[in-house]
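# Requesting a structural model of the entry that follows:
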Amino acid sequence: MNSPVAALLLALTATLPVAHAACQPGIYGADDKTTPYQRVVVTGTVPQQQQQRYVFVDGRRGGVGAPEALLRCVDDRIEVRSSSNTAGQADWRVWPRLAYRQTPVRFKSHGSELAGELIEPPDAAATRPPLTILVHGSEKTAALGSAYPYLLASQGMSVFVYDKRGTGVSEGQYTQNFELLADDAVAASAEARRLAEGRHGRFGFAGFSQGGWIAPLAARRGAADYVVVGFGLMLSPLEEDRDQVMNELREAGHGPAVLAQARELTDATGTLVASHFERGYERLAALKRRHAQAPWLRQIKGEYSGVLIASDEATLRRLGRPLYDNLDLIWHYDAVRELQSLRVPLLWIMAGADREAPGEVTRERLSRLKRAGKPIELHLFPDTDHGMWEFEQAADGSRRYTQVTEGYYRLLGDWVMGRSSAPYGRGQRLF
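Numbering: from 1, shown residues only. The predicted structure is shown next:
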């Protein structure tokens, strides 16, 4: 799941012209423990970025200093735009920067040194809040410095975030091997608990997108107390590609006959990648010849099927594995079996119009586990895409993403903290 899995991170690093006072990066909000949702995170700048970004707990975001910005920086505080007054001018409320404790650290996992940071609320020593280990998805961007961990911490929990191997300032080679990444997450949890010793209560893992495969595995190995999964899948990577293709063709208006033919093609491309490009060429070539004139053939994208179908056999035999099977992905990973062994509470949040992670099969499998007695809570946010993004869809099917849907971040915070502020925007609790 690659796009828009990092949509929030990309939005927070967009480039816009600078004509404003800089904000000190961090968490700002009404200095009142009764209002944990009146929070905004301002990120720092990086060399390729000209402007700071901000994101509110309610999902609104933008660039600091942009004409339409909802906040402005004044010394060590910000002023947040509220509704216009009777004179048509905006009212501005002062929000101070809140004194969260940040502890950078480096730790080892399977011979590689990984970089992490523990973020704790000011009263952690007295309240011993839950400690959440953030497991990010397939993106190659750094997690350190992103808004996500601060949005969670701003609601009262402690959060440990780290750059996974091969990204940011962590060592190692980038990989999508769930077994290795789960071990890294367990190592991160051990380091986080060491740093926060005496200042945290329960601890758990929160995985988003591809992190939804890794977090439950890490939770079992690390004896965690809870698990959170956002816009993840209870499918293997092979099934993910298949379901993406089915979803693409349905959206294009094709019926069961075309879907059945396309399913044969995804089975053929799946054989190719799962065999590490050793088997399946003849079957794929035969299907491509059979459907060569079908307009739907060129509409297939998926995770990998589209590019494999568009490639010639000679190229795939020569370069298929180094191009498309170079991340040590476990193609037949059994996500259902992993959750069957889980014994701790699980919050799963789905995007209702997710093109990267179509949810029909995942929803049915979670429901079956729930009926079997697993402690699962499932929420769905309608009309949102991967990453819980609201969007405007054009006539050609393209989408312009606007904001992370209101209620999503609150739900994450409330569930971990053991409270409720329902309703969560347009979110629906399914069970």
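# ok, which stretches of the protein are helices?
Secondary structure of the chain by DSSP state H: the helices cover 7-12, 124-127, 148-153, 178-195, 211-222, 237-251, 256-274, 281-290, 305-310, 313-324, 335-340, 360-371, 408-417.
# Dump those helices to a markdown table, plus mean neighbour count, distance to D354 and mean pLDDT.
Using the backbone N, CA and C atoms, a C-beta is placed for each residue, glycine as well. Listed next are these as a markdown table, based on neighbours: other Cβ atoms under 10 Å; distance: least, Cβ to Cβ, whole Å; pLDDT from 0 to 100:
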| stretch | mean neighbour count | distance to D354 | mean pLDDT |
| --- | --- | --- | --- |
| helix 7-12 | 21 | 12 | 43 |
| helix 124-127 | 15 | 35 | 97 |
| helix 148-153 | 25 | 18 | 97 |
| helix 178-195 | 21 | 20 | 98 |
| helix 211-222 | 26 | 12 | 97 |
| helix 237-251 | 21 | 9 | 97 |
| helix 256-274 | 19 | 18 | 98 |
| helix 281-290 | 15 | 27 | 98 |
| helix 305-310 | 20 | 18 | 98 |
| helix 313-324 | 14 | 23 | 97 |
| helix 335-340 | 16 | 16 | 94 |
| helix 360-371 | 16 | 9 | 97 |
| helix 408-417 | 23 | 13 | 98 |
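# Which of these sits closest to S109?
Set against S109 and scored by Cβ to Cβ, those come closest in helix 178-195, at 3.8 Å.
# Contacts for that closest one, please.
The contact list for helix 178-195, computed with Cβ atoms under 8 Å, 6 or more residues apart in numbering, reads 103, 105, 107-110, 114, 116, 118, 131, 133, 135, 158, 160, 162, 164-165, 175, 200, 203, 205, 213-215, 217-218, 221-222, 224, 328, 330, 333.
# Tally up the residues packed near P375, please.
P375: 14 surrounding residues under other Cβ atoms under 10 Å.
# same question, G373
G373 has 7 nearby residues by other Cβ under 10 Å.
# and it, how far is that from V258?
Computed as Cβ to Cβ, to the nearest Å, the G373 to V258 distance reads 39 Å.
# Likewise for E282?
Counting by Cβ to Cβ - E282 and V258 are separated by 23 Å.
# Please apply the same query to V80.
Distance, V80 to V258, by Cβ to Cβ: 51 Å.
# L265 now?
11 Å.
# still on that earlier bit, relative to E139, which of the helices of the chain is closest?
helix 7-12 (6.6 Å).
# The residue positioned nearest the centre of the chain: what's it in contact with?
Nearest to the geometric centre of the chain sits F208, at 3.4 Å (Cα atoms, centre = their mean). With contacts defined as Cβ under 8 Å, 6+ apart, F208 is in contact with 5, 135-137, 148, 229-232, 387.
# Considering the residues you listed, which possesses the most neighbours?
V135 leads the contacts of F208 on contacts (other Cβ under 10 Å) with 33 neighbours.
# give me every residue that touches the closest residue to V161 other than its chain neighbours.
The shortest distance from V161 to any non-neighbouring residue, by Cβ to Cβ, 6 or more residues apart in numbering, is to P149 (3.9 Å). Residues counted as contacts of P149 (Cβ under 8 Å, 6+ apart) are 117, 119, 134, 143, 159-161.
# try 6 Å
119, 134, 159, 161 (Cβ atoms under 6 Å, 6 or more residues apart in numbering).
# between the residues you listed, which is closest to S421?
Nearest to S421 among these, counting by Cβ to Cβ, is V159 at 19.2 Å.
# count of residues packed around the closest one?
Neighbour tally, V159, other Cβ under 10 Å: 27.
# any idea how far G302 is from it?
33 Å.
# Strands along the stretch 1-150 of the chain, start to end?
Taking DSSP state E, counting those that start in this stretch, the strands of the stretch 1-150 of the chain run over residues 26-29, 39-42, 53-56, 61-63, 71-74, 77-84, 90-96, 101-109, 112-120, 131-135.
# Single out the most deeply packed of those strands.
Mean neighbour count (mean count of other Cβ atoms under 10 Å) peaks for strand 131-135 among those, with a mean of 29.
# Give me the mean pLDDT for that strand.
For strand 131-135, mean pLDDT is 98.
# Could you list the paired strands of it along with their orientation?
strand 158-162 (parallel), strand 203-208 (parallel) (DSSP bridges).
# Save the ones you listed as a markdown table, and put in mean pLDDT and distance to V186 too.
As requested, the strands paired with strand 131-135 are exported to a markdown table (pLDDT from 0 to 100; distance: least, Cβ to Cβ, whole Å):
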| stretch | mean pLDDT | distance to V186 |
| --- | --- | --- |
| strand 158-162 | 98 | 12 |
| strand 203-208 | 98 | 9 |
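# got JSON lines for those strands, with distance to L412 too?
Listed next are the strands paired with strand 131-135 as JSON lines, based on distance: least, Cβ to Cβ, whole Å:
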{"stretch": "strand 158-162", "distance to L412": "11"}
{"stretch": "strand 203-208", "distance to L412": "7"}
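# Go through these and name the closest to E248.
Comparing these by Cβ to Cβ, strand 203-208 comes nearest, at 22.5 Å.
# between the closest one and helix 408-417, how many degrees?
Relative orientation of strand 203-208 and helix 408-417, computed by axes from the mean of the first three to the mean of the last three Cα atoms, to 10 degrees: 160 degrees.
# quick one: strand 203-208 to helix 178-195, angle?
Using the same axes, to 10 degrees, strand 203-208 lies at 140 degrees relative to helix 178-195.
# What angle do helix 211-222 and strand 203-208 make with each other?
160 degrees.
# chain center to strand 203-208, what's the gap?
11 Å (Cα atoms, centre = their mean, to the nearest Å).
# from the contacts of P149, which two are the most distant?
I119 and L134 (9.6 Å).
# tell me, what's touching these two both at once?
Residues touching both I119 and L134 (Cβ under 6 Å, 6+ apart) are 149, 159.
# Tell me where the model's unsure across the stretch 1-150 of the chain.
Within the stretch 1-150 of the chain, the stretches with pLDDT under 70 are 1-20, 31-34, 46-50, 83-88.
# if we go to 80?
Within the stretch 1-150 of the chain, the stretches with pLDDT under 80 are 1-21, 31-36, 45-50, 83-90.
# any idea how far S146 lies from R53?
Computed as Cβ to Cβ, the S146 to R53 distance reads 10 Å.
# Let me see the contact set for N326.
With Cβ under 6 Å, 6+ apart, N326 has no contacts at all.
# From T175, how far out is it?
From N326 across to T175, the span is 9 Å (Cβ to Cβ).
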